[in-house]
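Chemist: give me the fold of what follows.
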Amino acid sequence: ANQAAIHHWEQALALGYDHVAEARAQLGDLHMLVGEYETARNNYEAAAARASGANLRLLEYKLGRVYHRLGQWKLADHHYGQALAGDGQPVDPVHSAQILADRSLVAHRQGQGETARMHAEAARRAAADDPAALARVYGLLSILARSADDPTGALTYARESKALAERYGADPALIVAAGNSLALACAQNDALDQAIEEAQSALSVCRRIGDRHHEAALHNNLADFYHELGQEEAAMTHLKQAVTMFAAIGAAAAAEERARQPEIWMLSEW
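Modeler: So this is what the prediction gives:
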């Protein structure tokens, strides 16, 4: 479905569709889902060249997400910072919470614990009482708690994240992220059967939206869970699927960027 949508948007542009920025932004989103990151970036940049105000800030954020998935942390943080700075106009607090959460995760991936905590606290304040924003922030806090060897805190935050994401009909991508965080937290608490159940549930939603990179990561996590249980046949089934998908995304990125992108293979939490 994503590939078909890409085809139709490209046809619309070829036929002279007037709203070029909208079409390019939509194409960027679709190429992100199928793991074609350079093409996604090119479309976002083309849209940003025609945008201003809140639309430009959103596109800066989306550019940050492209570099985030590629593991290019400094570029990701730069674009997240641009999305927060904007053009001097106030940034919507809920959107700020999302950006700050992702900025915290970038700092975490670089081993910058204090910076990660600072951005996480700011994200929590910005989220206020918005359920979707809180779901994202609690998912982040679960990741940070796991890293700090706080399995109880990780599980508590992850459960709250998933409950909020599902209860308020959040973006399916947020439900996937919350489910993955909960699966990892369950595994850290030695509840591997529940970890598998949560990861399978997240995988089902992920397949529906067609996010190939996150689907690969979920297969990889499931392989680890089954391996820990000693169920090697199931572990190998998921591992093969993960490797196939990671390799396809990695090959596309290497061809587009003319360089290897090892971080693509290391995705496990988001």
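Chemist: and Tyr226, what is it in contact with?
Modeler: 196, 232, 234-235, 238 (CB atoms under 8 Å, 6 or more residues apart in numbering). Any C-beta I mention is one placed from the backbone N, CA and C, and that applies to glycine too.
Chemist: CA-only coordinates of the strand or helix carrying it in CSV, if you can.
Modeler: Tyr226 is located in helix 212-228, with elements delineated by DSSP states H and E. Written as CSV, here are the backbone C-alpha positions of helix 212-228 (Å, rounded to 0.1, in the frame of the first residue of the first chain):
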residue,chain,number,x,y,z
ARG,A,212,9.9,-1.9,7.6
HIS,A,213,12.7,-0.7,9.9
HIS,A,214,10.8,-1.0,13.1
GLU,A,215,9.3,-4.3,11.9
ALA,A,216,12.9,-5.6,11.5
ALA,A,217,13.8,-4.4,15.0
LEU,A,218,10.8,-6.2,16.5
HIS,A,219,11.7,-9.4,14.7
ASN,A,220,15.2,-9.1,16.2
ASN,A,221,13.9,-8.4,19.7
LEU,A,222,11.6,-11.5,19.4
ALA,A,223,14.5,-13.6,18.3
ASP,A,224,16.4,-12.5,21.5
PHE,A,225,13.3,-13.3,23.7
TYR,A,226,12.8,-16.8,22.2
HIS,A,227,16.5,-17.5,22.4
GLU,A,228,16.4,-16.6,26.1
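Chemist: and the host helix or strand of Ala5 with helix 212-228, angle?
Modeler: Element membership for Ala5, per DSSP H and E: helix 2-14. Computed by axes from the mean of the first three to the mean of the last three CA atoms, to 10 degrees, the angle separating helix 2-14 from helix 212-228 equals 170 degrees.
Chemist: identify each buried residue in the lengthiest helix in the chain, please.
Modeler: If you go by DSSP state H, the chain has its longest helix at helix 232-257. Judged by neighbour count (16 or more other CB atoms under 10 Å), helix 232-257 contains these buried residues: 234-235, 238-239, 241-242, 245-246, 249-250, 252-253, 256.
Chemist: from those, which has minimum pLDDT?
Modeler: Ranked by pLDDT, the buried residues of helix 232-257 bottom out at Glu256, which scores 61.
Chemist: list the buried residues for the helix or strand hosting Ala101?
Modeler: Assigned by DSSP H and E, Ala101 falls within helix 93-109. Using 16+ other CB under 10 Å as the test for burial, helix 93-109 gives 94-109.
Chemist: and Val176, what is it in contact with?
Modeler: Going by CB under 8 Å, 6+ apart, Val176 touches 202, 205-206, 209, 211, 214, 218.
Chemist: got a pLDDT number for it?
Modeler: Per-residue pLDDT puts Val176 at 97.
Chemist: equivalent analysis for Gln261, please.
Modeler: At Gln261, pLDDT is 73.
Chemist: which residues in the stretch 51-200 of the chain form helices?
Modeler: In the stretch 51-200 of the chain, the segments counted as helices under DSSP state H, counting those that start in this stretch are 53-70, 73-85, 93-109, 113-127, 131-147, 151-167, 172-188, 192-209.
Chemist: and the shortest one with helix 53-70, angle?
Modeler: Looking back up the chat, that one is helix 73-85. Using the same axes, to 10 degrees: helix 73-85 against helix 53-70 is 160 degrees.
Chemist: quick check: mean pLDDT across helix 73-85?
Modeler: The average pLDDT within helix 73-85 is 95.
Chemist: same check on the fifth one?
Modeler: Along helix 131-147, the predicted local confidence has a mean pLDDT of 96.
Chemist: now the angle between helix 172-188 and that helix, please.
Modeler: Angle of helix 131-147 versus helix 172-188, following the same axes, to 10 degrees, is 30 degrees.
Chemist: buried set for helix 131-147?
Modeler: Buried residues in helix 131-147, counted by 16+ other CB under 10 Å: 131-146.
Chemist: check the fourth one too.
Modeler: Across helix 113-127, burial judged by 16+ other CB under 10 Å covers 115-117, 119-120, 122-124, 126-127.
Chemist: what is that helix packed up against?
Modeler: helix 93-109, helix 131-147 (3 or more CB pairs under 8 Å, 6 or more residues apart in numbering; DSSP states H and E).
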